[in-house]
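Engineer: What follows is a predicted structure for the sequence shown.
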Amino acid sequence: MAADVVDLIMQDHREVERLFDELKDNPEKRPTLLPVLTTLLTAHSRAEEAEVYPVAAAEAGEKEEVSHSQQEHIEADKLLSASVE
């Protein structure tokens, strides 16, 4: 797994946290921030699923943790799609 992928994923985590804080502190910005958050989380999830999870499951033996994370992504996708509608 390339180090730059890990760096990008870590940056995504920080940006998602920042956006959640912004939403919490300024709920009136929801119409503007929600599409940004949705796009970022979707891209982030796909990157983890493509680059991180296969390595974690195969090389680190973290199959149970990967399964849990995949389930969290499914739940997040459902929540985000309901929020946008």
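Structural biologist: Structure's in. What do you need?
Engineer: which residues in this structure form helices?
Structural biologist: 3-25, 30-47, 53-58, 63-84 (DSSP state H).
Engineer: Would you mind giving those helices as CSV with mean neighbour count and mean pLDDT added?
Structural biologist: C-beta coordinates here come from the backbone N, C-alpha and C atoms, glycine included. Listed next are those as CSV, based on neighbours: other Cβ atoms under 10 Å; pLDDT from 0 to 100:
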stretch, mean neighbour count, mean pLDDT
helix 3-25, 12, 86
helix 30-47, 14, 88
helix 53-58, 15, 81
helix 63-84, 13, 78
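Engineer: these two touch, right, V66 and E59?
Structural biologist: No: V66 is not in contact with E59 according to Cβ atoms under 8 Å; the separation is 11.3 Å.
Engineer: Centroid-wise, who is the farthest residue in this protein?
Structural biologist: For the chain, the largest distance from the centre (Cα atoms, centre = their mean) belongs to E28, which lies 22.9 Å off.
Engineer: At the geometric centre of the protein, which residue do we find?
Structural biologist: What sits nearest the mean C-alpha location of the chain, by Cα atoms, centre = their mean, is L41, with 3.9 Å.
Engineer: who's in contact with it?
Structural biologist: The neighbours of L41, taking Cβ atoms under 8 Å, 6 or more residues apart in numbering as the test, are V16, A76, L80.
Engineer: Tell me how far the residue farthest from the centre of the chain lies from D12.
Structural biologist: Distance from E28 to D12, counting by Cβ to Cβ, to the nearest Å: 25 Å.
Engineer: for P31, same thing?
Structural biologist: For P31, the distance to D12 - Cβ to Cβ - is 22 Å.
Engineer: list the contacts for I9?
Structural biologist: Taking Cβ under 8 Å, 6+ apart, one finds H44, A47, E48, E51, V52 in contact with I9.
Engineer: right, and out of those residues, which lies closest to D4?
Structural biologist: Taking Cβ to Cβ as the measure, E51 is the one of those closest to D4, at 10.1 Å.
Engineer: Was I right to think the closest one contacts V5?
Structural biologist: Yes: if you go by Cβ under 8 Å, E51 and V5 touch, sitting 4.7 Å apart.
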